[in-house]
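In: Dropping a prediction and its sequence here:
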Amino acid sequence: MDEAIDAETTFDVGGCLRVRRTENNDAVSLSLIYQGISVGLSRPNSGTLESTLQRLSISLTKKLHPSLSKKRRAKNAVLSTPSIHDIIQCTLVTRLSGDKVDGALCNAEAWLPACDLIIKHAAFNDQPETTTGMRIVCNPPTCLSVEVAKLPMSGVLQLAVATTEFADVTQCVWECAVVDAPQARTEGATAELVSTGVGATFVFKVPEASVGKLLRVTCTPTAQWVVGGRGTPSADADCAQPELYALETDDKDSRVNMVGTVELPSTSTRHVRCVGVPIATVVGPVVACPVRPWVTGTEWHGTDVLSSCAANTPTATRVDATVDDAAAPGGAMAGPRPAADDAREACVIDVMTYNILADCYATSPHGRQRLFAYCPDYYLQRDYREQLLVAEISARDCDVVCLQEVETHEFERFLRPTMEVYGYTGVLAPKHSELIEGCAIFAKQRSVAVVDSRVVVFREALREDKYAYLREAYADTPDFERIFLVGSVGQLVHLETPEGDDILVANTHLFYHPFCPHVRNIQMAILLQEATDWMAAIGPATSIVVCGDLNSTPETGVVEFLCTGQLSPQHPEWARGAQVRWDRATKSLVNLKNDVDGLAKPGETANEHGQRRGNLPVRWTTTTPDLAAKCKHADRAADKHTATGPALSHLLNLQLSHAISTMEKHSTNYTSGFCGWLDYLAVGGRLSLVASQDPIPEDLLQRDVALPSQHFPSDHVPVVARCVLRPQ
């Protein structure tokens, strides 16, 4: 007896009447599979059993014999055809006695596991009369939906996620099969099994040979039930539902529950593995991943930023990726990869910053019809762009990945679980506004660990006393609140290497509007000050990475401040910002001077596509270590600007990933209306830049007019740099 009690039993609910009932729901849901036909029904708890059984009988008849529907009967006018009420009759009986349950009972009291459903199918169309009994199972493990890319891409890892109820989601059983298009939805169709798995999510790789075919992804939910404990559910049950609804019989020893009659002593328990009904989702056809030679063939070059640190640091190398070739589509990033011992001595860290283009912008009417009208809708779809994004990030295999325009839903549903497969830990910092996107940082667990994180909400920080000097310059300006208190945020994440070295990563997406360079200057000042304060609290040896989409070209004040450590009160952007107002009629920002300052400067040019080139010759220099000398503008003497803004400064001594001369000739943002360098990566402290990846040539960006496109998932391209952590 003890062996039988302890043995785990598998119970498949596929042949049962499945009843869903919860305290917070005023209806009972019924579902069953009869003669290969699936039928579902929802009825109010207060409704009678008799009316529910009649409705169930009619639903089954309509599914099995559609010719008996009223419309078809009237059309065919066959008087000898029996009534729809005469073919199938459903009744409910108690399992132990076989007595019919009173039809006047309400649904809440009638549909219990102690009962069976009897389906009596009358003889019809040469089919003999049949009687079928079905057990009632309350709240079995159920798969509500399976979410997987609708347009799977060959050679790219796919992520399937199940939404379950009353199930142990970590024990879902998965399988993926390649099916020819005509057979995909046919029961029992011949399929080529691709992959199987168990877990809350399912990761699989689509074979190259499956291009043009469909994929069938199936999830079978399961749950561990503990049967026993007279009159009450076992406290050891793995999930809150299903309740066991144990019914004591006259002999006080038999148990009637979800899995039938179990002859057990009243104090005994038994583990039952309940298997729910599989749910299959068919997606496709599979598309080929576009060839992207700029990813697999990217060259590393020693950084040309002029710095004594970089000049005195030897070329560094790093460890091979831990993700195998099957899990890293597109191949690993080019560059020397030595033995692990050498890499630990060098302590090399690869960093990427990438604005991935939020779906809420790409697929909005404004995005489809104006911003990205040149891009076919097919390539703007979330599924397509997400897979290209994963291929791009995984192929470059960086240790720290900083992203902008990450939607909260996309982070939770797709990015975080997918990046976890590649060994990353992710942290999200959503914007404080009506927008649903923000910044995210992913850290490779083999290289760095996430210790802590903070979100810097610029509009909240601006109210603090220590930033009073930033408010004073514009506090009396009309529309100060509307212009400055936007929802932009900065993200700070404290990382630690296996050797115990501390690195602070600052990631941001500054305010976009071209009329507001003064807002971006102040946002950057707040971010760097918050980073400086946290670095001091962590320890004097803390290094820093500053990156993001700064919405600023190389000649602007933000970049000058980032690189030189200073921004003068006489900088022309302060005066330009003072002319900005909020037009309540048009609900937009306007420049009172009615000129093109800050939007289309006199020195800008357009290429053959009509794109505005956003880079002017930089008037400041980084060739001297003297910070004061760096702040001199060659044309400042000719300017008549007075001190209209705050004096900004920081002591982080940052290095940019690419030389200013490189930024002036290339673009990280490339659309039909604008092209220019807007994305930056800089390091400081004990981190030194030793190499950077070449910018993507402009002729490749133009191959599909502009970005995004078939080959590029975003209107931006990533900026990647290799750093070495110098010993103390």
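Out: Cool, the structure landed. Numbering: from 1, shown residues only.
In: mind checking how far Met134 is from Asn107?
Out: 17 Å (CB to CB, to the nearest Å). Backbone N, C-alpha and C define where each C-beta goes, glycine included.
In: What of Met419?
Out: 46 Å.
In: One more: Ser709?
Out: Counting by CB to CB, the gap from Ser709 to Asn107 is 56 Å.
In: Tell me which of those two has more neighbours.
Out: Counted by other CB atoms under 10 Å, Ser709 and Asn107 do not tie: Ser709 has more neighbours, with 23 against 20.
In: Could I get the average pLDDT for the biggest helix by length in the chain?
Out: For the chain, the longest helix by residue count, based on DSSP state H, is helix 517-538. In this model, helix 517-538 has an average pLDDT of 97.
In: what distance separates that helix from the centre of its chain?
Out: Relative to the chain's own centre, helix 517-538 is displaced by 28 Å; criterion: CA atoms, centre = their mean, to the nearest Å.
In: cool, stretch 95-111 as well?
Out: On CA atoms, centre = their mean, the centre of stretch 95-111 falls 47 Å from the chain's centre.
In: show me where the stretch 401-550 of the chain has helices.
Out: Here the stretch 401-550 of the chain has its helices, by DSSP state H, counting those that start in this stretch, at 408-410, 416-421, 458-461, 468-472, 480-484, 517-538.
In: so of the ones you listed, which one's packed in deepest?
Out: Neighbour counts (mean count of other CB atoms under 10 Å) averaged over each of the helices of the stretch 401-550 of the chain peak at helix 517-538, with a mean of 22.
In: sorry, back to before: save the helices of the stretch 401-550 of the chain as TSV, and put in distance to Asp704 too.
Out: What follows is the helices of the stretch 401-550 of the chain, written out as TSV (distance: least, CB to CB, whole Å):
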stretch	distance to Asp704
helix 408-410	23
helix 416-421	25
helix 458-461	35
helix 468-472	42
helix 480-484	36
helix 517-538	30
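In: which residues does Arg43 contact?
Out: By CB atoms under 8 Å, 6 or more residues apart in numbering, the residues touching Arg43 are Ala27, Val28, Leu30, Ser51, Thr52, Arg55, Asn107.
In: part of a helix, is the fourth one?
Out: If I follow you right, that is Ser51. Yes. Assessed with DSSP: H, G, I helix; E, B strand; the rest coil, Ser51 lies in a helix.
In: residues near it, how many?
Out: Using other CB under 10 Å, the number of residues around Ser51 comes to 13.
In: got it, and the first one?
Out: A total of 16 residues lie near Ala27 under the criterion other CB under 10 Å.
In: And for Leu485?
Out: For Leu485, using other CB under 10 Å, the count is 17.
In: Buried residues of stretch 360-378, list them for me.
Out: For stretch 360-378, the neighbour count (16 or more other CB atoms under 10 Å) marks Cys360, Tyr361, Ala362, Gly367, Leu371, Phe372, Cys375 as buried.
In: now, among those residues, which is nearest to Lys100?
Out: Checking the buried residues of stretch 360-378 against Lys100 by CB to CB gives Cys360 as the nearest, at 56.5 Å.
In: I'd like to know how far the closest one sits from Gln710.
Out: Cys360 is 21 Å from Gln710, where distance means CB to CB.
In: Which secondary structure element is home to the nearest residue to Met352 once chain neighbours are set aside?
Out: Closest residue to Met352 apart from its sequence neighbours, by CB to CB, 6 or more residues apart in numbering: Cys398 at 4.3 Å. Using DSSP states H and E, Cys398 maps to neither a helix nor a strand.
In: Over to His366?
Out: Counting by DSSP H and E, the element that carries His366 is helix 365-366.
In: and that helix, average pLDDT?
Out: Here helix 365-366 scores 92 as its mean pLDDT.
In: try stretch 271-288
Out: Stretch 271-288 comes out at a mean pLDDT of 90.
In: Now do the SS call for Thr132.
Out: Assignment for Thr132 (three-state DSSP): strand.
In: Leaving aside the residues adjacent along the chain, what's closest to it?
Out: Nearest residue to Thr132, sequence neighbours excluded (CB to CB, 6+ apart): Ile119, at 4.6 Å.
In: Packing partners of the helix or strand containing that neighbour?
Out: Take DSSP H and E as the rule and Ile119 turns out to sit in strand 115-121. If contacts are counted by 3 or more CB pairs under 8 Å, 6 or more residues apart in numbering; DSSP states H and E, strand 115-121 sits against strand 88-94, strand 130-138.
In: neighbouring strands for that strand, and are they parallel or not?
Out: strand 88-94 (antiparallel), strand 130-138 (antiparallel) (DSSP bridges).
In: As a check, name the ranges of all strands in the stretch 251-400 of the chain.
Out: Assigned by DSSP state E, counting those that start in this stretch, the stretch 251-400 of the chain shows strands spanning 254-257, 260-263, 269-275, 279-283, 300-301, 348-355, 400-407.
In: what number of residues lie near Asp583?
Out: Residues near Asp583, counting by other CB under 10 Å: 10.
In: Quickly note the distance from it to Ala167.
Out: 54 Å.
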